[in-house]
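Participant: My questions are about this predicted structure, shown below with the sequence.
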Amino acid sequence: MAIINRRIWFLAVLLVLGITTGICPQAKAEDSDLSHDIGLTMGWWSDQFASLISFCGSSEMNASAKALPVKGLELGFSGNIAITNTDANAFKRLDYYVFERGGNPPFTSLALPSSFLYIKYGLPGGYDVGLKSGGLSLRTTDNSLLLSNNVTGAELRMQLFEQKTDGFDFLGSIAVNSISGKIEFNGSSSGSDVFTEFNGTTTYNRTYNSNNRINVNWNFASINLKGIASRRFSWFAPFAGLQADINMGKTNGEMSYAMTNIHLTQTDNPLNTRTAPNDEMSGASSSSIPQVNLRILYGFDLLFGDFKIWFSGESADINASAALGLRYQF
């Protein structure tokens with residue numbers, strides 16, 4: 001079905017609120033052209049979420065490099081925030097048919113907060129093993145926004161060097177993580193406008209209902225190798241290290257739009273009324289990775305006996321994260 005200027009502009013507003021992109025205000029297009037452009041936009045967003053989500057899920061509990069004693073137990077909690085810089089060059093290269101080309105992306109960076117619970121247990125031989133679970137869950141009362149990010153992971157650490165009176169602590173670890181979730185926008189409204197059929201001259205007053213849905217979902221797995229060193233100074237223990245991780249998985253992005261209950265009344269002949277068929281369109285795209293991160297780790301521990309407070313930061317190319325946590329050893 002042919003599209004008019006007002007509808008394209010309505011779609012642009014929808015994209016600004018949800019997916020967001022520029023549009024040529026004088027353009028007219030068929031549904032296939034708009035679906036093509038929506039698919040490109042969703043592909044770009046899928047790439048950005050792939051970078052952010054996989055980086056966030058592969059963040060471990062980085063603290064001073066001291067494995068737990070045999071049968072030692074540690075419980076912990078942390079709040080994390082991960083940030084990624086969006087790929088402006090890729091956005092400018094999107095080969096749109098209708099939307100304006102070469103514009104700047106809607107956001108220069110994206111952030112994702114998360115919270116995690118940890119448990120670690122000491123094993124013989126300078127090892128300990130840990131589990132983590134957490135993420136983020138958000139749902140508005142009208143279900144217009146749903147956000148869910150679920151992370152589970154396991155880590156095995158080994159004490160490679162231990163600080164005595166001098167020197168430093170050093171440990172290595174291997175971890176695996178599973179990350180899955182989605183973000184979904186749902187909207188509905190009713191509206192009216194003046195409608196002119198494509199390549200036509202007759203104008204109509206049009207009323208309609210509209211429904212839109214935007215969905216990005218993801219599923220990743222990661223494997224991490226880490227080495228970290230620290231030195232205790234009484235109750236203060238700074239640490240630094242490196243982590244290499246490979247993230248494998250996929251993100252899927254989809255947007256759909258439907259105009260229903262369409263009623264037309266000719267502007268210069270109010271007795272000429274009719275209904276029009278429902279109008280629907282959609283666009284979708286996916287992003288498959290592996291993504292490899294080499295992270296610089298840094299931070300410090302505040303040691304108050306069995307109770308500890310820690311801060312850590314991570315930096316890797318376009319990604320960064322920070323975490324603040326509490327833990328208690330039994």
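Facilitator: Good, I have the coordinates.

Participant: Quick one: list the elements packing against the longest strand seen in the chain.
Facilitator: Ranked by residue count, the top strand of the chain under DSSP state E comes out as strand 236-266. Applying 3 or more CB pairs under 8 Å, 6 or more residues apart in numbering; DSSP states H and E, one finds that strand 236-266 contacts helix 5-17, helix 31-57, strand 203-230, strand 273-276, strand 279-304. C-beta coordinates here come from the backbone N, C-alpha and C atoms, glycine included.

Participant: May I have the strands that pair with the fourth one, each with its orientation?
Facilitator: Spelled out, it's strand 273-276. strand 236-266 (antiparallel) (DSSP bridges).

Participant: buried stuff in the longest strand of the chain?
Facilitator: 237, 239-241, 243, 245-247, 249, 251-259, 262, 264-265 (16 or more other CB atoms under 10 Å).

Participant: what separates residue 112 from residue 183, distance-wise?
Facilitator: 10 Å (CB to CB, to the nearest Å).

Participant: repeat for residue 286
Facilitator: Residue 286 is 15 Å from residue 183, where distance means CB to CB.

Participant: Looking at these two, which one has more neighbours?
Facilitator: residue 183 (22 against 16; other CB atoms under 10 Å).

Participant: other SSEs contacting the helix or strand where the more buried one lies?
Facilitator: For residue 183, the host element (DSSP states H and E) is strand 169-196. With contacts taken as 3+ CB pairs under 8 Å, 6+ apart, strand 169-196 sits against helix 5-17, helix 31-57, strand 127-139, strand 145-161, strand 203-230.

Participant: what about that strand, distance to the chain center?
Facilitator: 5 Å (CA atoms, centre = their mean, to the nearest Å).

Participant: again, but for stretch 182-202
Facilitator: 29 Å.

Participant: do stretch 236-249 as well
Facilitator: That offset, for stretch 236-249, works out to 20 Å (CA atoms, centre = their mean).

Participant: Check the average confidence over it, would you?
Facilitator: The pLDDT scores in stretch 236-249 average 92.

Participant: Where does pLDDT dip in the protein?
Facilitator: Flagging of the chain using pLDDT under 70 yields the residue ranges 1-31, 143, 198-199.
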